[in-house]
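Enquirer: just coords:
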Ligand code: BEZ
């Protein structure tokens, strides 16, 4: 079945569009400069705003954890690079937190428009979007949060870890992994797709039924 992506925004499974972007750390070429790494591309509504500032402090304080997961952070808003620089300086001077990752200055709003980060009622302020892009430059997950709700770093880190376990073991990850209510830190074995496989499955794995089997990794 073909999907009907009328607006043409990149979706899960699409390659991150190629673009050269101006950032606080110079020009970056997407997705090429991040090939071989996980990329957390995230937008914020605007510089010098309170919730965004708490998010940036949180992204910065968790930066090492992202790096340990072979992930890089890349921020974006529709602000000029001068504004980003002043805001980063303010955060460093006043809050004593260094922002170690680049921020895209999308002052024409071209990338935000292309990526579907501008939603009704928001004017030129991007929503809090998160695109998780894998080492092959494929968009694996998209989150949209509204301006009034700051994101949860633990969840973004959990997503990265879960993808890496899932990809390595060809499994799927249950709700609230690694603290799932039914199977704790175990993972879901993809269901068989034929009758023989279904009959065999219950003999081979821990199952609630042939289509709900789990294992330890
Ligand atoms: C904030 O970051 O606090 C914010 C930004 C835009 C609109 C509302 C809140």
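Expert: Right, received. Where do you want to start? All values derive from a computational prediction rather than experimental measurement.

Enquirer: sec struct for the closest residue to residue 66 other than its chain neighbours, please.
Expert: Ranked by CB to CB, 6 or more residues apart in numbering and with sequence neighbours excluded, the top spatial neighbour of residue 66 is residue 73, at 5.9 Å. Where C-beta positions appear, they are placed from N, C-alpha and C, glycine not excepted. Under DSSP: H, G, I helix; E, B strand; the rest coil, residue 73 falls in the strand class.

Enquirer: Residue 73: neighbour count?
Expert: Residue 73 has 21 neighbouring residues, counting by other CB atoms under 10 Å.

Enquirer: for the chain, what spans make up the strands?
Expert: For the chain, the strands defined by DSSP state E occupy 19-23, 26-30, 38-43, 71-77, 103-105, 128-133, 139-145, 187-189, 206-209, 212-215.

Enquirer: Adding distance to residue 11, write the ones you listed out as TSV.
Expert: What follows is these, written out as TSV (distance: least, CB to CB, whole Å):
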stretch	distance to residue 11
strand 19-23	17
strand 26-30	17
strand 38-43	14
strand 71-77	18
strand 103-105	20
strand 128-133	10
strand 139-145	7
strand 187-189	23
strand 206-209	32
strand 212-215	28
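
Enquirer: Which among the ones you listed is found nearest to the ligand?
Expert: The ligand lies closest, by CB to the nearest ligand atom, to one member of these: strand 128-133, at 8.5 Å.
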